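Colleague: Kindly return the folded structure for what I paste below:
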Amino acid sequence: MRSMPSASIVISTVDVGPRMKAAIGFNGTHYLVAWAMSSGPRVARVDPATGALVASPRPVISSAAGRPTVASDGTDWLVVWNAANNQQVRGTRVAADGTVRDPAGFMIASRST
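Modeller: Numbers count the residues shown, from 1 in each chain. This is a model prediction of the structure:
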């Protein structure tokens, strides 16, 4: 198990306020931090040894979404979030190099009304 450096790190310089709702996952090499913004979730890879960003934060999708969650299969990540006023659960795959594989996201579940 790896631990993050004790010094604080800056993931985003945008004031995202109390709705940030960040999540983190580890793929064995890097951490992936995901957080909610009004324009949609963002992700950033973080080096576990230094706490430095591996690359600039990237948007996951281009539409508004809620609280993200991150999981890894040991190589890539899955980022999942609530959407459509909490009526849907959507997701996207993020490759180990940070590439967002499903920029439009995909449906995981939908609440029937």
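
Colleague: right, and the helix or strand after the helix or strand of the chain with the lowest mean pLDDT?
Modeller: Between all helices and strands in the chain, the lowest mean by mean pLDDT, DSSP states H and E belongs to strand 58-59, at a mean of 72. Past strand 58-59, heading to the C-terminal end, the next element that is a helix or strand (DSSP states H and E) is strand 68-72.

Colleague: Counting by contacts, list what that following strand packs against.
Modeller: Packing partners of strand 68-72 (3 or more Cβ pairs under 8 Å, 6 or more residues apart in numbering; DSSP states H and E): strand 23-26, strand 31-35, strand 77-83. (Each C-beta comes from the backbone N, C-alpha and C, glycine too.)

Colleague: what mean pLDDT does the last one have?
Modeller: Averaged across strand 77-83, the pLDDT comes to 90.

Colleague: tilt between the next helix or strand after that strand and strand 68-72?
Modeller: Downstream of strand 77-83, the next assigned helix or strand under DSSP H and E is strand 88-94. Taking axes from the mean of the first three to the mean of the last three Cα atoms, to 10 degrees, strand 88-94 and strand 68-72 form an angle of 40 degrees between their directions.

Colleague: So for strand 88-94, what gets flagged as buried?
Modeller: Applying a neighbour-count criterion of 16 or more other Cβ atoms under 10 Å, the buried positions in strand 88-94 are 88-92, 94.

Colleague: what's it in contact with?
Modeller: Contact partners of strand 88-94, identified using Cβ atoms under 8 Å, 6 or more residues apart in numbering, comprise 32, 43, 60-61, 65, 76-83, 100-103, 105-111.
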